[in-house]
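Colleague: Only the shape, not the letters, is given here:
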């Protein structure tokens, strides 16, 4: 199993307050970069601002990665997770809504930064969303369980339009350490990608760790 | 098939020169954000810089997304693509190396921003990389072909360490409009995820469009 980084609930709340607004501002910056039509000198000036921010943030930094924080209450925080990380500008972030022990859904706005074919979601990003959601369902099922992807198969029915994306997943059955889960995602016109996954219980976990085993 | 945005080779080169350095600087900013330990006031000051940059870039902007540019020479540019986009800070970017008509590989450094389990690549991001690479092989095979993912199945053998990631893909056979491709990715210790995909030829394409049909 993975090592978690111990953190108090108070420190976790402080770090969220410190970094979430910055992360959200960088998500806005990314969207602005992707849709900008300003002239060379304005782009260069914006770049200078970005480099000033980077220099400030690098004033003191850790080696490696943030990993997953764990409080004495069992709350976890996957700070840098590419799908759900509250400190990761790459994460939309996904927010998994658990609808009980064996099923969950998520709704997320995926804009210009997630493009593949013109105006449409990159097929690989759809795979990332479904892998994460199915893994979150697998890990949530039992408070003493963390699960990792064994296999996942995706079927693309049609391209997914950028914008509001909805995804659902549900456990179909378990066999020993194997958890069989199906799911799908889609746009306003319905399902576009379906998924079937087999996840493996890899050790003790916690209900609210998102998809720590992913 | 998709609509491409006509652009001259000169304008394409100008836009690359204008936006690539900014995009690269934002990738650095993202890494700095994920590893920073500076105090509240410094984070707030960095955020102000980011917001100043965003305001400048939003001075003039397009609606929607950048899509894929196409020059009279047949060169294409997937500016905002989440995997390969030269203007998308979310893209590492992936750079697919074609080793002939039916096979390709890529090497990419995936750091803190791509984390899932502590210190390891998010399994869903591995799926994104393999989906993109297999799709690029499918689309490159014939200069008059663009291909879209039909199905892709991924098998996770063990977690992939963050750092240098290598991936390969190869066409196994074709049947009418179907292209069967296998691939894998891994870290310094070898393969970690294998993939089998079936792609469908969806219309005319171009050799150098990356994975425009993805």
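Modeller: Nice, thanks for sending it over. Because the structure is a prediction, the values reported are computed rather than measured. Residues are numbered from 1 along each chain as shown, chains lettered A, B, ... in the order given.

Colleague: C-alpha from now on. contacts and neighbour counts both.
Modeller: Noted.

Colleague: how long is stretch A:112-121 from one end to the other?
Modeller: From its first residue to its last, stretch A:112-121 covers 9 Å (Cα to Cα, to the nearest Å).

Colleague: Okay, buried residues for stretch A:57-66 please.
Modeller: When burial is assessed from 16 or more other Cα atoms under 10 Å in any protein chain shown, stretch A:57-66 yields the following buried residues: A:57-58, A:65-66.

Colleague: Could you pull up the mean pLDDT of it?
Modeller: In this model, stretch A:57-66 has an average pLDDT of 95.

Colleague: quick one: is that stretch near chain B?
Modeller: Yes. Remark: stretch A:57-66 sits within contact range of chain B at A:57-66, by Cα under 8 Å from any Cα of the partner chain.

Colleague: Redo those as JSON lines? Include secondary structure and distance to residue A:35.
Modeller: Rendered in JSON lines, the data for the residues of stretch A:57-66 next to chain B read as follows (DSSP: H, G, I helix; E, B strand; the rest coil; distance: Cα to Cα, whole Å):
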{"residue": "A:57", "secondary structure": "helix", "distance to residue A:35": "26"}
{"residue": "A:58", "secondary structure": "coil", "distance to residue A:35": "28"}
{"residue": "A:59", "secondary structure": "coil", "distance to residue A:35": "30"}
{"residue": "A:60", "secondary structure": "coil", "distance to residue A:35": "32"}
{"residue": "A:61", "secondary structure": "strand", "distance to residue A:35": "31"}
{"residue": "A:62", "secondary structure": "coil", "distance to residue A:35": "33"}
{"residue": "A:63", "secondary structure": "coil", "distance to residue A:35": "33"}
{"residue": "A:64", "secondary structure": "coil", "distance to residue A:35": "32"}
{"residue": "A:65", "secondary structure": "coil", "distance to residue A:35": "30"}
{"residue": "A:66", "secondary structure": "coil", "distance to residue A:35": "30"}
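
Colleague: Looking at those, which is nearest chain B?
Modeller: Out of those, the one with the shortest distance to chain B is residue A:61. That distance is 4.3 Å, counting by Cα to the nearest Cα.

Colleague: For the closest one, which residues are in contact?
Modeller: Contacts for residue A:61 (Cα atoms under 8 Å, 6 or more residues apart in numbering or on different chains) come out as B:32, B:35-38.

Colleague: Now do the spatially most central residue of chain A, the pLDDT please.
Modeller: The residue lying closest to the centre of chain A (Cα atoms, centre = their mean) is residue A:83, at 1.6 Å. Residue A:83 carries a pLDDT value of 98.

Colleague: before we move on, what about the one 10 residues further on?
Modeller: Per-residue confidence for residue A:93 comes out at a pLDDT of 97.

Colleague: Enumerate the positions of the top helix by length along chain A that are buried.
Modeller: Longest helix in chain A, counting residues (DSSP state H): helix A:9-35. Within helix A:9-35, the residues that qualify as buried are A:9, A:12, A:15, A:18-35, counting by 16+ other Cα under 10 Å.

Colleague: Chain neighbours aside, what residue packs nearest to residue A:162?
Modeller: The shortest distance from residue A:162 to any non-neighbouring residue, by Cα to Cα, 6 or more residues apart in numbering or on different chains, is to residue A:120 (4.9 Å).

Colleague: I'd like the distance between residue A:125 and chain B.
Modeller: In this view, residue A:125 and chain B are 6 Å apart by Cα to the nearest Cα, to the nearest Å.

Colleague: Hmm, residue B:129 and that residue touching each other?
Modeller: No. If you go by Cα atoms under 8 Å, residue A:125 and residue B:129 don't touch, sitting 9.2 Å apart.
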